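Peer 1: Let's see this in three dimensions:
(chains A and B)
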Amino acid sequence: MKTTISSLKKGEKAIISAFDVASIPLKLLEMGCLPGNSVELLQIAPFGDPLYLNINGSHVAIRLETACEIEVEILTK
Amino acid sequence: MISKQNINVALIGNPNTGKTSVFNQLTGLNQQVGNYPGITVEKKIGFCKLPNNCKANILDLPGTYSLNASSIDENVVIELLLNKKDKLYPDVALVVTDVENLKRNLLLFTQIKDLEIPTILVINMADRMKHKGISLDIPYLESQLKTKIALISSRKGFGIDELKNLIVNYKSISNEPCLNASSIDPDYFNSLHKTFPNQLLYKLWLVITQDVNFLNLDRNEIRSSFTKSHSDLKRLQQKETIKRYQFINEVLKEGQKIDTTIATDFRSKLDRILTHKIGGYVIFFVILFVIFQSIFEWSKIPMDFIDSTFASLSSFASEKLNPGVLTNLISQGIIPGIGGILIFIPQIAFLFMFISILEESGYMSRVVFLMDKIMRKFGLSGKSVVPLISGTACAIPAIMATRNIENWKERLITILVTPFTTCSARLPVYAIIIGLVIPDERLFGIINMQGLTLMLLYLLGFGMAIFSAYVLNKILKIKGKTYFVVEMPNYKLPLFKNVFINVIEKTKAFVVGAGKIILAISIILWFLASNGSGSSFNDAEKIITVKNLENPLSELEFKNEVASQKLENSYIGLMGKSIEPALKPLGYDWKIGIAIISSFAAREVFVGTLATIYSVGGSDNEDTIKNKMQAEINQETGEKIFNFASGISLLLFYAFAMQCASTLAITKKETNSWKWPLGQLIFMSIFAYLIALFAYQLLK
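Peer 2: Prediction:
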């Protein structure tokens, strides 16, 4: 199974590796969600969705279904 | 005033960068708010004095993350920046950025710069740099970005004079672009350049990707020869975004240093508390509770004051002016009518104040985050919370606020159910009826019963909105991708000045907008109530005299009897009487019937209507509206007209009925179809009638 943002644990950091452009809103790209940029899972909303992320310095919340589309490589501490 | 000699300045920026604060700092209260023609996007223009006797028109454009528009609000920005003939086309653009989000904010800056408009980079919130361990090499950044930089704090008010100096000298700013557009896709852009050699490539690119018109170039012409599939275009847009970020990262690597050890953890601590799985909801609920309690408690005194002032003004006018038709119109039509408008001011102002504080502080985004999963179960989005809460002020801006909901089905449902939330026009109706039928006592010594009732009515509105969303979600068959991206801004202490200006503006717009309708309706009502045809109206004195031949009335009693005989047989009285059979099972009489008819265009007219009717129907002008309503007796049963059963029934009727022409108009505009507003009107009115009927029959 591919590792995506949805598999991150709270507080974990990762590097965005790949995604299909068509399944990601442009606005998210503009906020810095691009391959090579860092992402950190800050908070998970009650009931497990949406996710509150720090992407490349931007603080954004996205839904789980979008998070599942963004592949990442988890950084080991 | 807008003048051609003035420098046209456009304020552009991402949301949450303090753009509006900069606007307020530059212009003070010297602002005009209007709408862009044909669309309901707010257009704010202000005026600002600059050094060397220069003046500037400052245009505050809607907040946008980039020039790739995803809403009408963002489209406004592109339309203006591409149209050199627009009289507001900027001589200079100020791109406002937040020092803590410089990287992301610079994306928009590079796009604006590439349009060859002189662009000043405004780095706001500079007072937080030290706190966050950020240091900037301004000369380096200026040379790399080929611009002038103003380092300011709109919050602390520093850097504004320097910014004004930069505006005056805008001509010295380079027009060189940041990104060579053809580097996005050399083959494609080179052929584009060959076909339109005199046009700026980046502008052509925007015309191809965006829904805007540009100069005399026919968009279809450009598109047909340079067509690409939607996903190809998006791939190119992604490439553009990556190129821009590469450029920005390169520049910031040298120009910006962040010492992460200094930054405090305030934000994440507060986030943990405010989005806690139990605590988060408790806090949200407590905040709402406090807001509604205070709206009721704080506005009581000013409202009573306004009410009694207008009552005495009315009697003053009828005593001091020469008796006649004109005096009657003033003392019985116009003054109570205006009073009926002004009495809203305290509650509306407090409500707008609280909403503005919630938005300014950054708390609203946390609520969106907290509520999204729950709201989705009802076919709504977490973002629907903002329209539903601001719907408590007015459904019109609330329906406009649904524009940032990405998914059309979620957006449509939000639009359709928002009118159920308790808007401020319902407040005066609720306030006066609660005051009449709910005792002013305290539960457990602290909770005000009237305030509690008000809160229950608000919850009822929300509950009904959520319930109908659930039903609509099951009925409507619309498919679409559910995109959801919310920025979580930094927490900020709301600025008094911003909140104040916002409250003044919104209250003014409401009073003037609603005021015109209410005033016109009051005058028409007064006319219909003081005129009539037929002998029962014209010979009222004779009829009353004959009726009471055996036990003569005192002069005052006689006057009152004549007045009510006349009202009952006036034009409006006949109208009210004709619908009375339909309203009787709900516990209303024909006077309330008149108020309901007249408030079908705007529900806030209810109180004003009753005020006018009772002023015409009684000889005593001195009393307040509330006392007059209290004294009304049902002639058949001898009971008070406004008793517990009829009061609750009225409250429920106003809670559910669709009585707002403006909301129907905005729904039509935003959904582009008459189907939805008509559905709202029919469903809500029938539902309101049935519920009110049920409640009265149960309680009487």
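Peer 1: Report the separation between the closest residue to residue A:5 other than its chain neighbours and residue B:309.
Peer 2: Spatial nearest neighbour of residue A:5, excluding adjacent residues (CB to CB, 6 or more residues apart in numbering or on different chains): residue A:67 at 4.0 Å. (Each C-beta comes from the backbone N, C-alpha and C, glycine too.) Using CB to CB, to the nearest Å, we find residue A:67 at a distance of 58 Å from residue B:309.
Peer 1: repeat for residue B:330
Peer 2: 15 Å.
Peer 1: give me the number of residues near residue B:671?
Peer 2: A count of nearby residues for residue B:671, using other CB atoms under 10 Å in any protein chain shown, gives 18.
Peer 1: cool, the one 3 residues further on as well?
Peer 2: Each residue near residue B:674 was counted by other CB under 10 Å, and the total is 11.
Peer 1: Who are the packing partners of the worst-scoring helix or strand of chain A on mean pLDDT?
Peer 2: Within chain A, no helix or strand scores below helix A:26-30, which has a mean of 87 by mean pLDDT, DSSP states H and E. Helix A:26-30 sits against helix B:230-255, with contacts defined as 3 or more CB pairs under 8 Å, 6 or more residues apart in numbering or on different chains; DSSP states H and E.
Peer 1: Which SSE is immediately downstream of the helix it packs on?
Peer 2: strand B:256-258 (DSSP states H and E).
Peer 1: on that earlier part again, dump the least confident helix or strand of chain A to CSV, keeping only the CA atoms.
Peer 2: Taking Å, rounded to 0.1, in the frame of the first residue of the first chain, the C-alpha atoms of helix A:26-30 are listed here in CSV:
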residue,chain,number,x,y,z
LEU,A,26,-5.3,23.9,-7.5
LYS,A,27,-5.7,26.0,-4.3
LEU,A,28,-3.8,23.3,-2.4
LEU,A,29,-1.0,23.4,-4.8
GLU,A,30,-0.8,27.2,-4.5
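Peer 1: what about the helix or strand just after that helix, average pLDDT?
Peer 2: Next along the chain after helix A:26-30, taking DSSP H and E as the criterion, comes strand A:38-44. Average pLDDT, strand A:38-44: 92.
Peer 1: Show me which residues of strand A:38-44 are buried.
Peer 2: In terms of neighbour count (16 or more other CB atoms under 10 Å in any protein chain shown), strand A:38-44 has its buried residues at A:39-44.
Peer 1: Stretch B:478-494 too?
Peer 2: B:483-490, B:492, B:494.
Peer 1: Any chance of a markdown table for those, columns distance to chain A and secondary structure?
Peer 2: Listed next are the buried residues of stretch B:478-494 as a markdown table, based on distance: CB to the nearest CB, whole Å; DSSP: H, G, I helix; E, B strand; the rest coil:
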| residue | distance to chain A | secondary structure |
| --- | --- | --- |
| B:483 | 4 | coil |
| B:484 | 5 | coil |
| B:485 | 5 | strand |
| B:486 | 4 | strand |
| B:487 | 6 | strand |
| B:488 | 4 | coil |
| B:489 | 7 | coil |
| B:490 | 8 | coil |
| B:492 | 13 | coil |
| B:494 | 19 | coil |
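Peer 1: which among the residues you listed gets closest to residue B:546?
Peer 2: Closest to residue B:546 out of the buried residues of stretch B:478-494 is residue B:494 (67.5 Å), distances taken as CB to CB.
Peer 1: How about the contacts made by that closest one?
Peer 2: Residue B:494 makes contacts with B:356-357, B:360-361, as judged by CB atoms under 8 Å, 6 or more residues apart in numbering or on different chains.
Peer 1: And for residue B:441?
Peer 2: Residue B:441 touches residue B:449, counting by CB under 8 Å, 6+ apart.
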